[in-house]
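Engineer: need a structure here:
(one chain, ligands or ions: 1)
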Amino acid sequence: VNVVASRPGVPHRAARGRRIVFAPRFHGVESALQAPRSSSSSGHPLADDSVSAGLRRRAAEIDAAFAAIEPLLRRLSPRQFEDDFAARASAEIRAALGFDVPADHLTTTWSTPLDVKALYAHCVLATFCRLIERAFDRGLSASSDGENAEELIRRWGFHAIDITPCADGRLSGVVDYILRVPPAVVVSVKSHAGAMFDVEATLRQWEVVELERWRTSTPNAGTAPTRFLKIGVYHFSSVDPSHGGCAAHGSDANRAAGALLERLEQFEAAVKAIHGSEAATLLVGVDTDTDAIRVHVPDRAGRMAVARYIDNRDLFERTRNLPRETAKDEIRQVVADCAGVAADDAQTEGMRWLCGYLLKNNISQVAAVQAWHGGSYADGGHTERLIVVGDPVDAVQLRNLAFQAQMDTVEEAAGDLDIGIKILRELNVPRGLAIPILVHFQYDSRIPGARESVARRARRLKDAILARYASLAAQGVLHVHAVVRAGNESQLAAIESAEVFA
Ligand SMILES: [Zn+2]
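Structural biologist: Numbering: from 1, shown residues only. As a prediction, the model looks like this:
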C-alpha cells in the first residue's frame, strides 16, 4: 500500500527559504472560507462551513507536510554518491521540510549507502514535532451559534469534559473534527485500545479537577451544581462492519459499546463510592467511514443502553432539507424521544442539550466528509504515519495521523502497543520503511525535578519498547524518538536524540 501516493489531491509545495507555503488541497476551500457563515455550501442547514473550511485547511497543511517526505527522499536517494551530497541534501531537506537532519544520516561512502529507512523515520518524527511546534489555532469551535461554547457547556451543567477514544488512528481527530468540542473545556483526552480506560486513573483525573474547583474556583466554584463529564468513544465501520471496526473488540460494534458502557458505569460508581458525588458519563460511537456519531442518550435515571442511540447519519438526512430552526427543533425532539422524556423535562435538560450540541457539531463534520470525500473516506482502513506513546498529543489532530496509546510504562499497555506496532508494520515494512514511534511526556515546570522525572520516564519507555520489539529494532525498522515538553507549550525538547538515531 503506497500511502502517500494513494492520497488524492495532495497539494504542491513552494519552498521559500525556511517558510513552506501550501496551496489549498481541495477546490472550494478558499471560497468557502470567504463565504458568509450563514450560506451553507455543504447543503445542510446546520453545517458550519466556515469552521469546516478552517479545519480542512489545517488538514491540508498536515497532509502536505507528510506527503512531501517520500518524493524528496526518492529524489535524493539516487544522488547519494555525488560529491558534497550530505551538504546539498541537508540544505534541500531544510528548504522543503523545514528541519535539520543530523549529518551522520546523510554521510555516505561507496560501501555504506544511505540508510533510507532511518532517514524516513527521522523525517516523519521531525515533521510531526514541527507540526506540534507550529501550534495550530485550536479555537475554531470556540463558539456555538455566536455564544462562547465553553460557557454554554458549563451553563448546561458540565464544568469539564474528559474524553477517551480508542487508540485507533481513525479517531485521531475526535475532539477537533468529529465532536468539535472547544479544547478549553476538555481536561483530558487519553486514548486506549478499545477505549478501555483505567477507572482508577480517571477517578484521579476527576479528583484533580474537583480539587481545583474547591481551592481556586477554576473553572467554577466547587459548590456550583455542575458535573465532570466522561465521554467514551468506541468505533465501527458502516462500509465493512465485520473487518473495519475496532481491532480490540474483534470488529464487533456491540461488544465495543458494551465493554465501554460497563467501564463508564464503573467510573460513575467509583466517584459515588469514594466521594459520594455524581459524575456524568456519555457513550458515543463513531462510524470511521463517514465520521457520523451515535449518541447513546442517557434516560431519566442517567442510564444508557447499547441498543438505544441516535444515529447521526439518519438525523443528518432527516434534517437536511428543513429550515435551520426547524432542524434544531427536530434534533431536540429526537433526543428527548431517545431519552424517553418530554421535550421540556427539566431533570434531563442539561444532558439532552449536550447530546444535541454534539449531534449538531457532528453534522458539520458529516457534511464536510460528504463534500470533500464524496460521502465516505476512500481510505477506510489504516494509513497512520506514526505511533505516539506516553502522554497524548492533542495539538496535531487528523484522522489516521497517529496511533496513540497512553502509558507510563510498556507493561501497563503492552497490548495497546502491540496493536499499534502491528498496524504500522503492515503499512510500512512492505514498503521498506521503518516504524516511527514518538515517546512524548509533559511536565509541570512549576514542580521542582518534574522535567528530570519525565525525562527518565521517557528514556525508560523508549528502552522498554526497543527491548520488547528487539528483532524489529535489530532489523532497523523501529525508530523511537523521545521528547518532553513543559505543560501545553509547543516547544519540544529531545531526550538523548543523538543516541536515538545513531
Ligand atoms: Zn478501536
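
Engineer: Give the full set of residues in contact with D240.
Structural biologist: D289, G380 (CB atoms under 8 Å, 6 or more residues apart in numbering). The way it works is simple: take the backbone N, C-alpha and C, and place the C-beta from them, glycine included.

Engineer: cool, I435 as well?
Structural biologist: A121, L386, I387, I421, L424, R425, N428, V429, L472, V477, L478, H479.

Engineer: Restricted to helices, list these.
Structural biologist: A121, I421, L424, R425, N428, L472 (DSSP state H).

Engineer: Write the ChimeraX selection for whichever of the residues you listed are buried.
Structural biologist: What follows is the ChimeraX syntax selecting those of the ones in helices among the contacts of I435 that are buried according to 16 or more other CB atoms under 10 Å:
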select :121,421,424,428,472
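
Engineer: Remind me what the helix ranked longest in the chain packs against, helices and strands.
Structural biologist: Across the chain, the longest stretch assigned as helix under DSSP H is helix 349-373. When contacts are defined as 3 or more CB pairs under 8 Å, 6 or more residues apart in numbering; DSSP states H and E, helix 349-373 packs onto helix 49-67, helix 149-155, strand 280-287, strand 293-296, helix 312-319, helix 324-339.

Engineer: Quick check: D418 vs the ion, distance?
Structural biologist: 13 Å (CB to the ion, to the nearest Å).

Engineer: Burial check on that residue, number of neighbours?
Structural biologist: Using other CB atoms under 10 Å, D418 has 15 other residues around it.

Engineer: rewinding a little: closest to the ion out of the helices and strands packed on helix 349-373?
Structural biologist: strand 280-287 (9.7 Å; CB to the ion).

Engineer: and the closest one, anywhere near the ion?
Structural biologist: No. Strand 280-287 stays clear of the ion (CB under 5 Å from the ion), getting no nearer than 9.7 Å.

Engineer: Distance from the chain centre to that strand, please.
Structural biologist: Distance of strand 280-287 from its chain centroid, counting by CA atoms, centre = their mean, to the nearest Å, is 15 Å.

Engineer: and what of stretch 137-156?
Structural biologist: So, by CA atoms, centre = their mean, the centroid of stretch 137-156 is 20 Å from its chain's centroid.

Engineer: and this structure, which residues reach the ion?
Structural biologist: So the chain meets the ion at C166, D168, C246 (CB under 5 Å from the ion).

Engineer: Now render the residues you listed as a markdown table, adding secondary structure and neighbour count.
Structural biologist: Shown next, in a markdown table, are the residues of the chain next to the ion (DSSP: H, G, I helix; E, B strand; the rest coil; neighbours: other CB atoms under 10 Å):
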| residue | secondary structure | neighbour count |
| --- | --- | --- |
| C166 | strand | 32 |
| D168 | coil | 30 |
| C246 | coil | 30 |
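
Engineer: Closest one to F403 out of those residues, please.
Structural biologist: Nearest to F403 among the residues of the chain next to the ion is D168, at 7.1 Å by CB to CB.

Engineer: OK, contacts around the closest one?
Structural biologist: D168 neighbours (CB under 8 Å, 6+ apart): A193, H235, C246, A247, T288, H382, F403.

Engineer: out of everything not next to it in sequence, what's closest to the third one?
Structural biologist: Nearest-residue entry for C246: A256, 4.6 Å, with adjacent residues in sequence omitted and distances by CB to CB, 6 or more residues apart in numbering.

Engineer: All the helices of the stretch 151-300 of the chain, in order from the start?
Structural biologist: Ranges of helices in the stretch 151-300 of the chain, per DSSP state H, counting those that start in this stretch, are 199-216, 253-275.

Engineer: most tightly surrounded among those helices?
Structural biologist: Most buried of the helices of the stretch 151-300 of the chain, by mean neighbour count (mean count of other CB atoms under 10 Å): helix 253-275, with a mean of 18.

Engineer: and that helix, how far from the chain's centre?
Structural biologist: Counting by CA atoms, centre = their mean, helix 253-275 comes out at 22 Å from the chain centroid.

Engineer: returning to that earlier point: make JSON lines out of the ones in helices among the contacts of I435 and add pLDDT.
Structural biologist: Shown next, in JSON lines, are the ones in helices among the contacts of I435 (pLDDT from 0 to 100):
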{"residue": "A121", "pLDDT": "94"}
{"residue": "I421", "pLDDT": "95"}
{"residue": "L424", "pLDDT": "94"}
{"residue": "R425", "pLDDT": "95"}
{"residue": "N428", "pLDDT": "93"}
{"residue": "L472", "pLDDT": "95"}
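
Engineer: Turn the ones in helices among the contacts of I435 into a markdown table, columns for distance to A342.
Structural biologist: Shown next, in a markdown table, are the ones in helices among the contacts of I435 (distance: CB to CB, whole Å):
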| residue | distance to A342 |
| --- | --- |
| A121 | 57 |
| I421 | 51 |
| L424 | 50 |
| R425 | 53 |
| N428 | 54 |
| L472 | 58 |
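
Engineer: beta partners of L229?
Structural biologist: Under DSSP bridges, the beta-bridge partners of L229 are I161, A280.

Engineer: any low-confidence regions in the stretch 151-300 of the chain?
Structural biologist: Applying pLDDT under 70 to the stretch 151-300 of the chain picks out no residues at all.

Engineer: Quick one: residues contacting the closest residue to the ion within the stretch 201-350 of the chain.
Structural biologist: At 3.2 Å from the ion, C246 is the closest residue in the stretch 201-350 of the chain, using CB to the ion. Applying CB under 8 Å, 6+ apart to C246 gives the contacts C166, D168, G194, Y234, H235, F236, D252, A253, A256.

Engineer: which one of the residues you listed sits closest to N361?
Structural biologist: The closest of the contacts of C246, once distances to N361 are taken by CB to CB, is H235, at 17.2 Å.

Engineer: how much space between that closest one and A343?
Structural biologist: When distance is defined by CB to CB, to the nearest Å, H235 is 30 Å away from A343.

Engineer: Pick out the most distant pair among the contacts of D168.
Structural biologist: The two members of these with the most space between them (CB to CB) are A193 and T288, at 14.8 Å.

Engineer: of those two, who's got more company?
Structural biologist: T288 (29 against 21).

Engineer: Tell me if I'm right that that one and G381 touch.
Structural biologist: No. Counting by CB atoms under 8 Å, T288 stays clear of G381, with 9.1 Å between them.

Engineer: anything in contact with each of the two?
Structural biologist: G244.

Engineer: starting at the chain centroid, how far to stretch 351-371?
Structural biologist: 17 Å.

Engineer: Check stretch 346-358 too.
Structural biologist: Distance, centroid of stretch 346-358 to centroid of chain: 25 Å (CA atoms, centre = their mean).

Engineer: buried stuff in it?
Structural biologist: T348, E349, G350, M351, R352, W353, L354, C355, G356, Y357, L358.

Engineer: for the residue nearest to C246, what are its contacts?
Structural biologist: Counting by CB under 8 Å, 6+ apart, A256 has contacts C166, G194, A195, Y234, H235, F236, G245, C246, A248, H249, G285.

Engineer: what's the answer for I163, then?
Structural biologist: I163 touches V174, V175, L179, V181, V186, S188, V189, K230, I231, V233, counting by CB under 8 Å, 6+ apart.

Engineer: where does the stretch 401-502 of the chain have low pLDDT?
Structural biologist: Looking at the stretch 401-502 of the chain by pLDDT under 70, you get 496-502.

Engineer: where do the strands sit along it?
Structural biologist: For the stretch 401-502 of the chain, the strands defined by DSSP state E, counting those that start in this stretch occupy 402-406, 435-443, 478-486, 493-495.
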